[in-house]
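> quick one, what's the 3D model for this:
(one chain, ligands or ions: 1)
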Amino acid sequence: METWVSELRNMVNTLERLREFIRVSPEEEAAISTLKTKWGTTPYFASLMDPDDPNCPIRRQVIPSLKEKENRYGIPNYLVWKENRATEEVRPDCIARQYHDRIAFTVTDTCANYCRHCFRKELVVDRDLQLRFDWEEGLEWIREHEEIRDVLVTGGDPFILPDERIGYIITRLREIPHIEMIRFGTRTPVVLPDRITEGLKNVLKGYHRIPLWVNTQFNHPKEITEKSARAVYELLTCGVNVGNQAVLLKGINDDVETFRKLHQKLLSIRVRPYYVFYCEPAPGIDHFRTPVEKGAELIRDGIRGFTTGLAQPMYVIATNIGKIPLMPDYYIMEKNETEYTLRNYEGRYTKIPNIPE
Ligand code: SF4
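Sure, this is the predicted structure:
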């Protein structure tokens, strides 16, 4: 049996199994025993947990918390709102749309790690929302909509599917004349790096007219290991571009040092930091959310001026009307008819001419 399959068969998803890795705190035990929620991770990801620290960033992303019962700020039926599922355009369940030319194609609700902060929690973790993953219906819809250029294959985690199923999706999408790029959203390089097998590489590799992009989700420098670095490298050898979409998580990566280290380490394993997402207002994840401005401040104080521009992600809030980018608003301090006054990351000022149109 391939290692990744055995990792999935031996998921750490009971109190007894968890105790093989860490000293479970009374709060963690209470949450696991009382919450009706899907949770679990791979033995690999569990092995990264600090056995003695309940605030370990890996533990917090994996183990349920009683705070998930609180919901002061989360939007009810979040996914229906976020993915515009109640709009006039009738689409298959597996197609989510916010833009004219690109869609998300949801192909599974299974993951290798049930992230406690997941904005798709209602679907993937809590299972309050049931969708039909009828791929043929989705592929047909994409074929009929010639304005769609770009398909994000998502889940759950689409790389949990067998190689043949992933190959089938890619082949069918590539047959559609108006598709120009295919993207996969997967956390497997982070939580199940053994998934990047020779078999999967055979499905992904080669020069193709329609390129493949993989976006993954490293949220903390601790997640960057020899194994995850190797998984990224193997993907790159297939001609697949690899980017990161971190989620800004309170108490996990919302301090300058961790945030900077995460982005510097991503480049050291050849991953391009693409987005940092504000933690979305899905129900039951209030405890992960920071003030909105936090992400822009961290880019200003942690990254800008401290590392190459290649390590600069775009900070965005994902909403029902698309992603809203947020920049720290201090760059242009003043503008008049003749010049701009600009400020840099250190608070130093400079001037450049204002050229009339
Ligand atoms: S892997 Fe992705 S879809 Fe699955 S729980 Fe984590 S964030 Fe959600």
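> and the residue of the stretch 201-350 of the chain closest to the ligand?
Of all residues in the stretch 201-350 of the chain, the one sitting closest to the ligand is Gln217 (6.1 Å; C-beta to the nearest ligand atom). All C-beta spots, glycine's among them, are computed from the backbone N, C-alpha and C.
> I'd say that residue and Gly243 touch.
No. If you go by C-beta atoms under 8 Å, Gln217 and Gly243 don't touch, sitting 10.1 Å apart.
> in the stretch 1-150 of the chain, which spans are strands?
95-97, 102-106, 150-154 (DSSP state E, counting those that start in this stretch).
> show me what the last one pairs with in its sheet, parallel or antiparallel.
Sheet pairing of strand 150-154 (DSSP bridges) gives strand 102-106 (parallel), strand 181-185 (parallel).
> save the strands of the stretch 1-150 of the chain as JSON lines, and put in distance to the ligand, mean pLDDT and mean neighbour count too.
What follows is those, written out as JSON lines (distance: least, C-beta to the nearest ligand atom, whole Å; pLDDT from 0 to 100; neighbours: other C-beta atoms under 10 Å):
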{"stretch": "strand 95-97", "distance to the ligand": "13", "mean pLDDT": "91", "mean neighbour count": "19"}
{"stretch": "strand 102-106", "distance to the ligand": "9", "mean pLDDT": "96", "mean neighbour count": "23"}
{"stretch": "strand 150-154", "distance to the ligand": "7", "mean pLDDT": "97", "mean neighbour count": "21"}
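> quick one: mean pLDDT for stretch 226-234?
In this model, stretch 226-234 has an average pLDDT of 98.
> CA atoms of it as PDB?
Backbone C-alpha positions of stretch 226-234 (Å, rounded to 0.1, in the frame of the first residue of the first chain) are rendered in PDB as follows:
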ATOM      1  CA  GLU A 226      12.100  18.300   4.700                       C
ATOM      2  CA  LYS A 227       9.100  16.300   3.500                       C
ATOM      3  CA  SER A 228       6.900  19.300   2.600                       C
ATOM      4  CA  ALA A 229       9.900  20.900   0.800                       C
ATOM      5  CA  ARG A 230      10.400  17.600  -1.200                       C
ATOM      6  CA  ALA A 231       6.600  17.500  -2.100                       C
ATOM      7  CA  VAL A 232       6.800  21.000  -3.500                       C
ATOM      8  CA  TYR A 233       9.900  20.200  -5.400                       C
ATOM      9  CA  GLU A 234       8.300  17.100  -6.900                       C
END
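> so for stretch 304-317, mean pLDDT?
Along stretch 304-317, the predicted local confidence has a mean pLDDT of 91.
> repeat that for stretch 71-85.
This predicted structure assigns stretch 71-85 an average pLDDT of 88.
> contact partners of that stretch?
Residues external to stretch 71-85 that are found in contact with it (C-beta atoms under 8 Å, 6 or more residues apart in numbering): 86, 96-98, 104, 119-123, 129, 280-286, 289, 318-320.
> among those, which are in helices?
The subset of the contacts of stretch 71-85 located in helices under the criterion DSSP state H comprises Lys121, Glu122, Leu123.
> neighbours of the closest residue to Leu48 other than its chain neighbours, how many?
Distance criterion C-beta to C-beta, 6 or more residues apart in numbering; nearest residue to Leu48, sequence neighbours excluded, is Ile58 at 4.8 Å. Other residues within reach of Ile58 by the criterion other C-beta atoms under 10 Å amount to 24.
> which residues touch Ile58?
For Ile58, the contact set (C-beta under 8 Å, 6+ apart) comprises Phe45, Ala46, Leu48, Met49, Asp50, His220, Lys222, Glu223.
> out of the residues you listed, which are buried?
Buried members of the contacts of Ile58, scored by 16 or more other C-beta atoms under 10 Å, are Phe45, Ala46, Leu48, Met49, His220, Lys222, Glu223.
> restricted to helices, list those residues.
Judged by DSSP H, the subset of the buried ones among the contacts of Ile58 located in helices is Phe45, Ala46.
> farthest-apart pair in the buried ones among the contacts of Ile58, please.
Within the buried ones among the contacts of Ile58, Ala46 and His220 form the most distant pair, 14.9 Å apart (C-beta to C-beta).
> rewinding a little: reformat the contacts of Ile58 as JSON lines; add distance to the ligand and pLDDT.
Shown next, in JSON lines, are the contacts of Ile58 (distance: C-beta to the nearest ligand atom, whole Å; pLDDT from 0 to 100):
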{"residue": "Phe45", "distance to the ligand": "11", "pLDDT": "98"}
{"residue": "Ala46", "distance to the ligand": "15", "pLDDT": "98"}
{"residue": "Leu48", "distance to the ligand": "15", "pLDDT": "98"}
{"residue": "Met49", "distance to the ligand": "16", "pLDDT": "98"}
{"residue": "Asp50", "distance to the ligand": "20", "pLDDT": "98"}
{"residue": "His220", "distance to the ligand": "14", "pLDDT": "98"}
{"residue": "Lys222", "distance to the ligand": "16", "pLDDT": "98"}
{"residue": "Glu223", "distance to the ligand": "12", "pLDDT": "98"}
